[in-house]
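The sequence and its predicted three-dimensional model are supplied below.
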Amino acid sequence: MLAAIPKPLLLYNQLGYLPTEEKVFMLEIPVARRDAGGTFTIRSEAGDAVVNNKPLVYLGPLWNRYYAGGDFSELQTAGQFRIEAT
């Protein structure tokens, strides 16, 4: 019997980010992909895309897990947002 492939895990600062500071997140992915191949979008509470279709960057392995990341530091508006990675 084959083991199920785990879903990606989104890792981010749960306390929030200061408007003018660096804003990054990591995505734990189930397989090594040097070309992370995905994109991410940052959406406002209303669902509007405020950072759209930026590429995920492969960060490498750590303890038998693999990571990609995203940087949305250009977002300098205060508010509540959500990260969508595909």
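Yep, that arrived. Computed from a predicted structure; not experimentally measured.

wait, what's in contact with T39?
Under the criterion of Cβ atoms under 8 Å, 6 or more residues apart in numbering, the contact partners of T39 comprise 53-56, 85-86. (Glycine included, C-beta is placed from N, CA and C.)

actually K54, not the one I typed
Contact criterion Cβ under 8 Å, 6+ apart gives 39-41, 70-72 as the residues in contact with K54.

Selecting buried members of those residues in PyMOL, what would you type?
For the buried members of the contacts of K54, the matching PyMOL selection, counting by 16 or more other Cβ atoms under 10 Å, is:
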select buried, resi 40+41+70+72
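
which sections of this structure are below the confidence cut-off?
In the prediction, the chain carries residues with pLDDT under 70 at positions 1-3, 5, 32-36.

if you set the cut-off to 80 instead, what comes out?
1-6, 30-37 (pLDDT under 80).

Okay, strands next: where are they in it?
Using DSSP state E, the strands found in the chain span residues 9-11, 24-29, 39-44, 49-55, 57-62, 65-71, 81-85.

Kindly reformat those as JSON lines containing distance to L18.
What follows is those, written out as JSON lines (distance: least, Cβ to Cβ, whole Å):
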{"stretch": "strand 9-11", "distance to L18": "19"}
{"stretch": "strand 24-29", "distance to L18": "13"}
{"stretch": "strand 39-44", "distance to L18": "16"}
{"stretch": "strand 49-55", "distance to L18": "16"}
{"stretch": "strand 57-62", "distance to L18": "22"}
{"stretch": "strand 65-71", "distance to L18": "15"}
{"stretch": "strand 81-85", "distance to L18": "14"}
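
Thanks a lot, catch you later.
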